[in-house]
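Enquirer: structure for the following, please:
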Amino acid sequence: MFSPRSIAVVGDCGQAGSPLQVILQKLLEGGYPGRIDIVDPARTDEPGRRAHAAIDTLGAAPDLAVLDGSEALLEE
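Expert: Residues are numbered from 1 along each chain as shown. Sure thing, here's the model as predicted:
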């Protein structure tokens with residue numbers, strides 16, 4: 001069965017209503033038991049959760065990464 005022990009949410013998850021913000025909110029509200037890493041250089045830390053500027057600063061590779069596939073990011 002698919003059950004990641006850690007998930008990285010990569011991209012702009014601070015914008016209200018954005019797909020990544022909705023996914024992050026659902027993970028937190030749903031009681032996901034694993035580690036959730038936020039990778040967003042524009043986001044600041046929040047209580048109990050550190051925002052990372054880049055995925056290579058996580059320290060441990062996540063089992064699953066959810067990426068922002070917005071056109072603006074894909075062009076970079």
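Enquirer: which pLDDT value belongs to the nearest residue to Arg5 once chain neighbours are set aside?
Expert: Nearest non-adjacent residue to Arg5, counting by CB to CB, 6 or more residues apart in numbering: Gly34, 4.7 Å away. Every C-beta, even on glycine, is put in place using the N, C-alpha and C of the backbone. For Gly34, the pLDDT comes out at 92.
Enquirer: just the pLDDT for the residue most central in space within the chain.
Expert: Centroid-nearest residue in the chain: Val9, 1.5 Å away (criterion: CA atoms, centre = their mean). Reading off the confidence values, Val9 has pLDDT 90.
Enquirer: surely it is in contact with Val66?
Expert: Yes - in this structure, Val9 is within contact of Val66 by CB atoms under 8 Å, at 5.2 Å.
Enquirer: so for the two, which residues contact both of them?
Expert: In terms of CB atoms under 8 Å, 6 or more residues apart in numbering, Val9 and Val66 are both contacted by the residues Leu20, Ile23.
Enquirer: ok, now which ones touch the residue nearest to Arg5?
Expert: Contact analysis of Gly34 by CB under 8 Å, 6+ apart lists Pro4, Arg5, Ser6, Ile7, Asp63.
Enquirer: in a markdown table: those, plus neighbour count.
Expert: Converted to a markdown table, the contacts of Gly34 look like this (neighbours: other CB atoms under 10 Å):
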| residue | neighbour count |
| --- | --- |
| Pro4 | 13 |
| Arg5 | 11 |
| Ser6 | 16 |
| Ile7 | 20 |
| Asp63 | 14 |
